[in-house]
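Chemist: let's see this in three dimensions:
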Amino acid sequence: MDKNLFVAIVIAVGAALPAYSIGKIGASGVDAIGRNPEAAAKVQTAMILAIAFAEAIAIYALVVALIIKFV
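Modeler: Numbering: from 1, shown residues only. Below is the predicted model of the structure:
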C-alpha cells in the first residue's frame, strides 16, 4: 500500500484522539472547579499538566508520520 495512506491515518488518529482527550480534560476540570471553587488552583495545575501530556501524544504522532513518510 501507499505510504501516504499510512501517513494520513497516523495524522488523523494522532490529531483526533488527543483533541478529544484535551476537551474531556478541560470539561472535567471546569466541572471540578464549579463543584469546589476553593480547589481551583490545584485542579487547574493538574489539568494543565494532563493537557500537556495529551498534546505530547499528538507530537509523537507527527514524528511517527514523518518517519513513515521519509524513511
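Chemist: what are the ranges of the helices in the protein?
Modeler: Listed in chain order, the helices found in the chain under DSSP state H are 3-35, 40-70.
Chemist: as TSV, those with mean neighbour count would be great.
Modeler: All C-beta spots, glycine's among them, are computed from the backbone N, C-alpha and C. As requested, the helices of the chain are exported to TSV (neighbours: other CB atoms under 10 Å):
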stretch	mean neighbour count
helix 3-35	14
helix 40-70	14
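Chemist: which residues touch the residue nearest to the spatial centre of the chain?
Modeler: Centroid-nearest residue in the chain, with CA atoms, centre = their mean: residue 18, separated by 2.7 Å. Residues in contact with residue 18 (CB atoms under 8 Å, 6 or more residues apart in numbering) are 54-55, 57-58, 61.
Chemist: over to residue 10?
Modeler: Residues in contact with residue 10 (CB under 8 Å, 6+ apart) are 61, 64-65, 68.
Chemist: circling back to that earlier point, quick one: the helices of the chain as TSV, columns for mean pLDDT too.
Modeler: Below are these laid out as TSV (pLDDT from 0 to 100):
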stretch	mean pLDDT
helix 3-35	95
helix 40-70	95
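Chemist: so how far is residue 22 from the residue lying closest to residue 65 once chain neighbours are set aside?
Modeler: Sequence neighbours aside, residue 10 is the residue nearest to residue 65 in space, at 4.4 Å (criterion: CB to CB, 6 or more residues apart in numbering). Residue 10 is 18 Å from residue 22, where distance means CB to CB, to the nearest Å.
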